[in-house]
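# One predicted model, sequence on top.
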Amino acid sequence: MDTLQRMRAFVRIIEAGSFTAAAQSLNSTSGVMSRAVSELETRLRTRLLNRSTRRLALTPAGGQYLERCVQILADVERAEEEASRAHERPAGTLHMHSFAGIGQHYVLPSISRYRAQHPEVTVALTMSQRMPDLFQRSSDVSVITALSLPDSDIVSHLLGSTFSILCASPMYLKTHGVPRVPADLDRHECLILKSPASRVHDWTIDGPEGSVEMQVNGPVQVNIPEALAVAIREGMGIGMLPVYAAIEGLRSGTLVRVLARHTLQKTNVYALYPSRKYVDAKTKTWVECLRTYLPQLIARDLALLGKITQEQLAKETSSDASEMENRYVCP
């Protein structure tokens with residue numbers, strides 16, 4: 001019998017008024033109850049009860065100890081109840097991690113929807129390009145992008161897939177010309193995005209002619225997609241951006257898609273957490289929210305990219321046709 005059990009026995013003996021009555025209420029024996037008190041007295045090196053054949057009486061030390069025991073047992077019961085409720089009702093602080101770009105464009109909108117459904121949950125989101133050690137409990141859930149995941153005890157849920165595209169500013173293309181095929185990139189400034197999901201200087205460009213492997217070098221290297229988008233808008237060169245980081249600039253016209261029939265670096269989006277066992281309610285409902293809502297955000301951006309790209313290709317075709325017509329019109 002541990003100290004907490006002895007405390008429970010001691011309190012129950014006082015409440016019941018005898019060892020026998022306490023033993024009956026706890027489905028035990030009077031001998032076990034008596035031994036629990038004796039072991040407490042030995043541990044504390046003080047008498048808690050004055051015993052006689054007819055009655056039990058608390059000593060002054062026993063009275064003080066009883067008050068503390070009642071308080072401690074109440075605190076333990078409250079703690080157990082709160083911990084048990086954590087698996088039933090989402091509440092408390094949810095510690096999240098995500099890579100910076102995916103966090104800004106997809107995780108934060110998902111948090112907004114999640115908190116509308118679960119207002120008792122507060123959120124602490126850390127965005128960085130480093131994967132946290134989930135087993136150290138620095139984060140409850142991490143949202144990352146990767147081509148694949150290594151074997152581990154981490155629980156993973158695939159939330160969707162996306163890819164990157166090449167972008168430049170209108171000013172840059174006006175000054176340096178528009179690449180027509182991947183080989184043309186050799187004559188351009190290629191800006192580098194350093195990310196956990198990519199080999200920094202190796203671009204694999206997928207298009208109608210298949211896959212083309214290129215090694216690129218450029219004057220600027222950054223580790224966050226949004227920072228690269230700024231460099232591209234400023235006319236520093238051509239850069240590879242994830243769709244979610246490029247879509248707003250494409251829509252506003254501050255970015256132009258380069259090699260519009262080509263894509264790069266397909267990546268998957270995953271939600272990770274450390275255990276399937278005893279997952280609390282806030283973690284469980286957050287992952288469910290991600291699995292429902294985040295794929296909708298990815299699909300929205302890919303649909304918008306498709307529309308913008310078709311419009312761009314139509315303009316390019318019209319422009320090429322007009323150029324050919326003007327070239328062969330007799331003066």
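Ah, there it is. Numbering: from 1, shown residues only.
# can you count the residues close to the spatially closest residue to residue 176 that is not a sequence neighbour?
Leaving aside its chain neighbours, residue 176 sits nearest to residue 188 (6.1 Å; criterion: C-beta to C-beta, 6 or more residues apart in numbering). Bear in mind the C-beta positions are built from the backbone N, C-alpha and C, glycine included. For residue 188, the count of nearby residues is 20 (other C-beta atoms under 10 Å).
# Pull the distance from stretch 269-278 to the chain's centre.
10 Å (C-alpha atoms, centre = their mean, to the nearest Å).
# mind listing what's buried in it?
269-274 (16 or more other C-beta atoms under 10 Å).
# Repeat that for stretch 216-231.
Buried-residue list, stretch 216-231, by 16+ other C-beta under 10 Å: 216, 218, 220, 222-225, 228-229, 231.
# list the contacts for residue 219?
189, 191, 236-237 (C-beta atoms under 8 Å, 6 or more residues apart in numbering).
# returning to what we had before: closest to residue 97 out of the buried residues of stretch 216-231?
Distance to residue 97 across the buried residues of stretch 216-231 (C-beta to C-beta) is lowest for residue 224, with 15.1 Å.
# Can you name the residues that contact the closest one?
100-101, 129.
# before we move on, what about residue 242?
Counting by C-beta under 8 Å, 6+ apart, residue 242 has contacts 101-102, 145, 162-164, 225, 265, 267.
# closest to residue 243 among those residues?
For these, the nearest to residue 243 is residue 162 (5.3 Å; C-beta to C-beta).
# Residue 302 is in contact with that closest one, correct?
Yes. Counting by C-beta atoms under 8 Å, residue 162 does reach residue 302; the two are 7.1 Å apart.
# are any of the contacts of residue 224 buried, and which?
So, by 16+ other C-beta under 10 Å, the buried ones in the contacts of residue 224 are 100-101.
# Quick check: of the buried residues of stretch 216-231, which lies closest to residue 171?
Nearest to residue 171 among those, with distances taken as C-beta to C-beta, is residue 231, at 12.8 Å.
# between the buried residues of stretch 269-278, which is nearest residue 52?
Out of the buried residues of stretch 269-278, the member with the shortest distance to residue 52 (by C-beta to C-beta) is residue 274, at 56.4 Å.
# Could you report the separation of residue 205 from residue 180?
Distance, residue 205 to residue 180, by C-beta to C-beta, to the nearest Å: 13 Å.
# who's more crowded, these two?
Between residue 205 and residue 180, residue 205 has the larger neighbour count (other C-beta under 10 Å), namely 22 against 10.
# That one is in contact with residue 262, isn't it?
Yes. Using C-beta under 8 Å, residue 205 is in contact with residue 262, at 5.1 Å.
# joint contacts of the two?
Joint contacts of residue 205 and residue 262 (C-beta under 8 Å, 6+ apart) are 166, 182.
# quick revisit: most neighbours, which of the contacts of residue 219?
residue 191 (24 neighbours).
# Remind me what the helix or strand containing that one packs against, helices and strands.
Assigned by DSSP states H and E, residue 191 belongs to strand 190-193. In terms of contacts (3 or more C-beta pairs under 8 Å, 6 or more residues apart in numbering; DSSP states H and E), strand 190-193 is packed against strand 221-222, helix 225-233, strand 238-242.
# What separation is there between residue 307 and residue 52?
91 Å.
# more neighbours, these two?
residue 307 (12 against 8).
# Quick one: classify the more buried one as helix, strand or coil.
helix (DSSP: H, G, I helix; E, B strand; the rest coil).
# now the strands for this protein?
49-51, 56-58, 92-98, 121-127, 141-146, 155-168, 190-193, 202-207, 210-215, 221-222, 238-242, 256-258, 263-273 (DSSP state E).
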